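Undergrad: need a 3D model of the following:
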Amino acid sequence: MSDITDFDSLRRAMAENSEQPEGPARNARAEQLLAEAEKLNIPLAVIEALGHQLKVYNYSSEKAKMFVPFARLLRMWDERPEDFDAYEAHSLHWVFKWMSSGMLDQPHIPLESIEKWLGEMEHRYRLAGYSERAVRSAELSVAAHVGDIARAERAYAAWLAADRDDMADCHACELHQQGWWQAERGRDAKAVEAWRPVLEGEFSCAHEPHTVLASSLVPLLRLGRLDEARAHHLRGFRLVRAMESMRGAFADHVEFCALSGNEARALELLAERPAYFTDDGHPRSRMEFLAVVALLMDRLVELGLGGQRVPGPAGRTWTAKELAVHARAQALELAERFDRRNGTTYVSEWARARMARRPLVERLPLGVRSVRTALPVPAPVAEPVAEGDLPALLAEARRLSDTLRPDALEAWAAVARAAQGVELAPYDRAELVDREAMGLGEEGAQLFEEAADLYAQAGDAGEALAARARAAYVRALAGDVDEALAAVAEPYDRILALYAEDGTGLRQAASVLMSRARILMRRVHEAEGPVEAGVAERAEAAVREVLALVEGRTGDDVRLAARHAEALAMLGELAAHGGDARAAAELFADAAREFADAGVPWFAVEYEARLAQLAHHLGDPAEAERALRAALEHGGAQLAPVGRAQLHLQLAEVVGARGEAAEAAEHALEAAHWADEAGEGPTLGAWARQQLGGLLVRQGRWAEAAEVLESALPDVSAETHGDGAVVQTLWWLGDCLSELGEHRAAAERRLRAAEIARHWPEQEDHATLAHLAATNLEMAGLAEEAEAAYARAGELWRTVGDAHGLVRALRARAWLALRAEDGPERARELMTEAVEECGAALAAAGDDEETRHRLTAELGHTHRQFGDLLTRSQAPSDEALAELDAAVAVFTALGRDAVHARTGAELAAGRLEAELGRPDAARARARAVLSAYEDAPEDDETATARRTEAQQLAQAVQPPTP
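TA: Model prediction:
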């Protein structure tokens, strides 16, 4: 049996169907409802059902179906206009605009028919007394589509000049189209300015700011306004993701990713909507979508990823190269169909131009989780000299080594390539092997020994000893410190003797002494807990020996200057291990400064970072921030991605702690980006995204924060990041979803967080999360689930001894109970319990004035809500008035701090007095409110509003003048 028994039930069913997600299921239900409407034998019921069907078709991928119900509606209007009420008559004229644009989007409808329909629309609007504004807007769409720019500009001007009336699109939609035309004409700045009121929330509708956010992406990229583009993508994609009818806007987001170095995210978006490849109910948006797909696939092929599997039309697997060919052919075939209809080549030219767009930025970090499709291929470093010019290559490699340039090892590799098959002099071969060993790290000991032999053959005993000392040090790095100390002993003794006899230079002696100091420092680094005194003393003596050797003798020698700076840093490490944080900080600062002064600032990064940690420990956030910024600056292009990520993440924490959430978010964004670059996305990257989400929450950027936090959530784990981080992520995400009106999803996140917090020793967080989840469940219309959650929260508040939370949970349950079938009595019981709990808490508060003040205010609010609840659940009564009087008395006792709460309760009591037929009492309460605000400042908006309410109340109960 049908559930549609009368006109009211039909209207309820149509309203329910309107709330369903866009798509075929909603359309099918609208078709069923039309069939049911026809059985009622009520013309208006059929008219409304046709209008409903037309609307759901328009907001779906089956737009081509809307012409049939509209034709039927128009015929019914022409035959019996009296069957239409005022609303349906207005709606019929309104959807003329849908028909105009809908015809334009279907290439099988002749252009002549569209022009004829445009004339029909103009005629009927004139007859109905409407302005030409909507007609000229429709004409702009037609002219722009066929490429008649002159006509389009005339229509645009006429549209803006015409009066706005009931047939004009809403402000948000009009502003979108105005900005779209400006962008089409290459006037990006004017487009963004036109969209500003929509972007700032001044105007909105069912599909705005969704489409404005999408349309603004590429113009913002072209304008270089990258932060805004990123924000619009994160905010806008959430809006279009679930709306089937917004394929064109969806394509704009995919295009944005393809043009901003986010190809991997673009692929993820395509995977979310496989039906978009084939749904043919709206050919124009399919053409736009396929053009963007071709653009993206061409980009992947260009990056060398043509063989990568990608999302595509169902029924087979696709590579990027295959889909590029397919999507291009399909897009152009659709474009040619439009051009055949229009008699131009404009649409095909437009499609080709869109597919040929080039990236507008190499990589714009978005903050969301994504795997790079490919790293950019770095441009080859130009060789300073021809590859085969061995003497010049040797000279350049030595220069780079002497000045400790980061690309010295690459220069020596060029020497090695040029030296293949060439008999080198022993010293040259020694240097080549020595540098090769340096590139091997812990595996380089054997090559260092070989280099030492070659240096000895070349007659450089000092450099031979330095190479043997380096071999000893890399053995220490491999974990064998005892062997390393034994191995370095002979080179150490011999270099001192040799240097004393002027048999070697300062640089070689310093190298051996530094290797020995490094080995002894390994003992310090490996110590668990406090360092043994003997270990630290031996290391410090070795370090000071280096300082004594080079102090005042570095001159312009970069290597010697670096030895001195490194020795200072070692002393800093020893001071830190010894618990002297302040001395360690000073030494690290000196070391960093000396590295920078020597022209090798990248060596300062580590010590600026250590200094930042110590400054934080010492309670000096300004110095910590300075050191972190210096570390980033010193590192420059030499800083590894993971190091850059760590520094930005620390800066985000420091900057955020001083209240600069916007700047802190920029650092967290950079941290997430560089963590992904380093392959640390699931670990360090997840932490950065979690922090970024929290910083966006602090700025009230709810949609962006939600997108980032949802992206972080799969990677934030108790094992890696701690269960506190998981709970905080879910908590922030619940806050975002709640602010965005997604209450069911918010409740789910908060309940997940509460389940984790349930196992914590302290239960305040558990109680808070349960209470917040209950509020979301209530807002989502899930009354039974909300009641259970509030009851659970109340018990938790009782357990932790929080009377405020308990009372608020009881009040919330009372209001929920009021809506239930047997609610009024249960609601009264719960509110009574809330009053009693307040009283008990006050009695137990003792002499703690602050606690008593807060509990007294809670009691006042409870009496106020009790009075409101009784007023809503029954006829006006003295019982409700008594509760309001109690609220007034409690708030009066709190003095001026509670004046607004007191006058609010007083006005509620006054209105109730009026309903009870007591005008004198009502006027007395109105006078009491006016008296309370006699000295209120003029800019107190609440006081002004309350005075106005009191005056209105007094006037309403004023006896008539005789």
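
Undergrad: distance check, Leu647 against Ala688.
TA: 11 Å (C-beta to C-beta, to the nearest Å). For the C-beta atoms, the positions are set from N, CA and C on the backbone; glycine is no exception.

Undergrad: list the buried ones in the helix or strand that contains Gln955?
TA: For Gln955, the enclosing helix or strand under DSSP states H and E is helix 941-956. Across helix 941-956, burial judged by 16 or more other C-beta atoms under 10 Å covers Ala943, Arg946, Arg947, Glu949, Ala950, Leu953, Ala954.

Undergrad: what's the answer for stretch 803-821, then?
TA: If you call a residue buried by 16+ other C-beta under 10 Å, then stretch 803-821 has these buried ones: 803, 805-818.

Undergrad: how far does that stretch sit from its chain's centre?
TA: 35 Å (C-alpha atoms, centre = their mean, to the nearest Å).

Undergrad: report pLDDT for Leu409.
TA: At Leu409, the model reports a pLDDT of 89.

Undergrad: scratch that, Arg133 is what I was asking about
TA: Looking at Arg133, its pLDDT stands at 94.

Undergrad: which ones are touching the closest residue to it other than its chain neighbours?
TA: The spatially closest residue to Arg133, leaving aside those adjacent along the chain, is Ala162, at 3.7 Å (C-beta to C-beta, 6 or more residues apart in numbering). By C-beta atoms under 8 Å, 6 or more residues apart in numbering, the contact set of Ala162 is Ser131, Glu132, Arg133, Arg136.

Undergrad: so which of those residues comes closest to Pro761?
TA: Sorting these by how near they are to Pro761, with C-beta to C-beta, puts Arg133 at the top with 66.1 Å.

Undergrad: can you redo the buried residues of helix 941-956 as a markdown table with pLDDT and distance to Glu913?
TA: Output for the buried residues of helix 941-956, formatted as a markdown table (pLDDT from 0 to 100; distance: C-beta to C-beta, whole Å):
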| residue | pLDDT | distance to Glu913 |
| --- | --- | --- |
| Ala943 | 92 | 22 |
| Arg946 | 93 | 17 |
| Arg947 | 93 | 19 |
| Glu949 | 94 | 14 |
| Ala950 | 93 | 13 |
| Leu953 | 92 | 9 |
| Ala954 | 90 | 12 |
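
Undergrad: so, if you compare those residues, which one comes nearest to Cys170?
TA: Using C-beta to C-beta, Glu949 is the member of the buried residues of helix 941-956 that sits closest to Cys170, with 32.4 Å.

Undergrad: who's in contact with that closest one?
TA: If you count contacts by C-beta under 8 Å, 6+ apart, Glu949 has them with Leu907, Val929.

Undergrad: centre of the chain to the helix holding Gln955, how far?
TA: With C-alpha atoms, centre = their mean as the basis, the distance from the averaged C-alpha position of helix 941-956 to the chain average is 44 Å.

Undergrad: what is the nearest of the buried residues of helix 941-956 to Phe277?
TA: Ranking the buried residues of helix 941-956 by separation from Phe277, with C-beta to C-beta as the measure, puts Glu949 on top at 58.7 Å.

Undergrad: could you list the low-pLDDT ranges of this structure?
TA: 1, 370-388, 822, 960-962 (pLDDT under 70).

Undergrad: can you show me the strands along it?
TA: Using DSSP state E, the strands found in the chain span residues 309-310, 318-319.

Undergrad: so what secondary structure elements neighbour the first one?
TA: Put plainly, it is strand 309-310. Helices and strands touching strand 309-310, as assessed by 3 or more C-beta pairs under 8 Å, 6 or more residues apart in numbering; DSSP states H and E, comprise strand 318-319.

Undergrad: re earlier: out of the contacts of Ala162, who has the most neighbours?
TA: Ranked by neighbour count (other C-beta atoms under 10 Å), the contacts of Ala162 have Arg133 at the top, with 21 neighbours.

Undergrad: and it, how far from Leu953?
TA: With the distance defined as C-beta to C-beta, Arg133 ends up 44 Å from Leu953.

Undergrad: centre of the chain to stretch 484-498, how far?
TA: So, by C-alpha atoms, centre = their mean, the centroid of stretch 484-498 is 58 Å from its chain's centroid.

Undergrad: ok, now stretch 4-24?
TA: 36 Å.

Undergrad: residues contacting Arg752?
TA: Neighbour list for Arg752: Leu730 [criterion: C-beta under 8 Å, 6+ apart].
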